[in-house]
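# Compute the structure for the input listed below.
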Amino acid sequence: MTALETVATIADILASAAVVISLIFIGFQLKQNAELTRMAAAQTSAQLLSTNLGRIIENGDLAELITKEGAPDCWNRAEQLRVTNFLSASFRHFEVLHTHRRFGVFEEELWIGTEARLRDSLSTPAIREWWRESKPFYARSFATYVDKVAAEMEALERDEGLWSSNPAN
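Okay, the predicted model is just below:
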């Protein structure tokens, strides 16, 4: 092997090492970027939830409308529009987080709390009725998921009704 061939071989080895080091560096950057994306998703969730809860806190009559006996049938057009817009924002928030969760962006631990809040919302019959009419406006995978949760809430409500109406209890 000549001196020129030796230099060429050393240059090839150094170039290969540089490629490996670059790939390792890119791997670290991708991992860091994924963590930052998850953190941003959690922060966005907190901001959206805070904004949405603020609407109920600042407007007590909105909470009264949603939980009003006979709702949604008793709502006038203005009340219906108001509640629909509030619930649309709420469920869009849930939909975004559901999508983030499906793609691994939203942490499972954070999803547990989000799902509990969704279940709490769906425990109100008026909200379930609103959902039945509004679900075509949402992603199919999210609609399927919410339908499953709503069915579970309705089953719990039926079971509680049967249990409380049983004279043996």
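
# What pLDDT does the model give the nearest residue to Pro136 once chain neighbours are set aside?
Once flanking residues are discounted, Pro136 sits nearest to Ala143: 7.7 Å by CB to CB, 6 or more residues apart in numbering. Where C-beta positions appear, they are placed from N, C-alpha and C, glycine not excepted. With respect to pLDDT, Ala143 scores 97.

# All the helices of the chain, residue numbers only.
3-58, 60-67, 77-102, 108-122, 125-134, 140-165 (DSSP state H).

# Throw the ones you listed into JSON lines and include mean neighbour count, thanks.
JSON lines is the format used below for the helices of the chain (neighbours: other CB atoms under 10 Å):
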{"stretch": "helix 3-58", "mean neighbour count": "11"}
{"stretch": "helix 60-67", "mean neighbour count": "14"}
{"stretch": "helix 77-102", "mean neighbour count": "17"}
{"stretch": "helix 108-122", "mean neighbour count": "14"}
{"stretch": "helix 125-134", "mean neighbour count": "17"}
{"stretch": "helix 140-165", "mean neighbour count": "13"}
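
# worst average pLDDT in these?
Taking the mean pLDDT of the helices of the chain, helix 3-58 comes last: a mean of 78.
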